[in-house]
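Visitor: how would this look folded up:
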Amino acid sequence: MAISAGGDSDEPMMDINTTPLIDVMLVLLIMFIITIPIETHAVKLNLPQNNSQNQDPIDPVKNKIMIDASGIIFWNGKPTELADLRRYLDESQTMNPIPELQIQPDPQVRYDVVDKVLAECKKAQVEKMGFVGNEAYRAF
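Guide: Numbering: from 1, shown residues only. Prediction:
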């Protein structure tokens with residue numbers, strides 16, 4: 001398989017065609033990358049375990065009071081009583097910076113339950129408070 005350089009001489013070209021060699025090397029490289037065990041790519045970390053019993057119920061950034069249709073009060077998603085709510089409110093007001101308090105009553109809840117929650121917020125002298133979920137009241 002002689003290839004001429006296009007010159008006047010009839011001598012074959014003496015250069016080696018490296019394209020097949022490069023193709024074979026790329027295939028081998030891909031095979032080595034695929035066969036490397038995934039364990040060698042992992043980083044081992046000792047992460048702290050979640051201990052829900054010692055978890056502080058007060059979020060330092062934002063706390064949410066939800067009141068469902070049956071009148072049950074939830075503090076950050078956990079059912080709570082009015083006395084515990086007052087304790088959470090007092091603790092949150094002593095934090096620096098003071099976390100935001102969001103209140104989301106259900107549209108079907110009795111107003112006296114919402115009034116009791118608002119009274120506890122007033123007694124605790126809550127500074128940052130807002131109502132969320134107001135779009136649920138547009139139908140009324």
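Visitor: for Glu120, which non-adjacent residue is spatially closest?
Guide: Distances taken as Cβ to Cβ, 6 or more residues apart in numbering place Arg86 nearest to Glu120, at 5.0 Å, with adjacent residues excluded. (Glycine included, C-beta is placed from N, CA and C.)
Visitor: spell out which helix or strand contains that neighbour, please.
Guide: Using DSSP states H and E, Arg86 sits within helix 82-93.
Visitor: let's see that helix as CSV, backbone CA atoms only.
Guide: This file holds the C-alpha atoms of helix 82-93, laid out as CSV (Å, rounded to 0.1, in the frame of the first residue of the first chain):
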residue,chain,number,x,y,z
LEU,A,82,-51.5,28.0,73.7
ALA,A,83,-49.2,27.9,76.7
ASP,A,84,-46.3,26.4,74.7
LEU,A,85,-47.0,28.9,71.9
ARG,A,86,-46.5,31.8,74.4
ARG,A,87,-43.2,30.3,75.6
TYR,A,88,-42.0,29.9,71.9
LEU,A,89,-43.0,33.5,71.2
ASP,A,90,-41.2,34.8,74.3
GLU,A,91,-38.1,32.9,73.4
SER,A,92,-38.1,34.0,69.8
GLN,A,93,-38.4,37.7,70.8
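Visitor: I'd say the residue nearest to Glu120 and Ala124 touch.
Guide: Yes. Counting by Cβ atoms under 8 Å, Ala124 is a contact partner of Arg86 at 6.3 Å.
Visitor: tally up the residues packed near Asp68, please.
Guide: 15 (other Cβ atoms under 10 Å).
Visitor: check the residue nearest to it when sequence neighbours are not counted and give its pLDDT.
Guide: Closest residue in space to Asp68, ignoring its immediate chain neighbours: Asp106 at 5.2 Å, by Cβ to Cβ, 6+ apart. The score at Asp106 is 90. That number is its pLDDT.
Visitor: show me where this protein has strands.
Guide: Remark: strands assigned in the chain by DSSP state E are 62-67, 73-75, 78-80, 100-105, 129-131.
Visitor: can you list those in a markdown table and add mean neighbour count and distance to Met13?
Guide: Output for those, formatted as a markdown table (neighbours: other Cβ atoms under 10 Å; distance: least, Cβ to Cβ, whole Å):
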| stretch | mean neighbour count | distance to Met13 |
| --- | --- | --- |
| strand 62-67 | 19 | 75 |
| strand 73-75 | 19 | 83 |
| strand 78-80 | 13 | 82 |
| strand 100-105 | 19 | 78 |
| strand 129-131 | 12 | 81 |
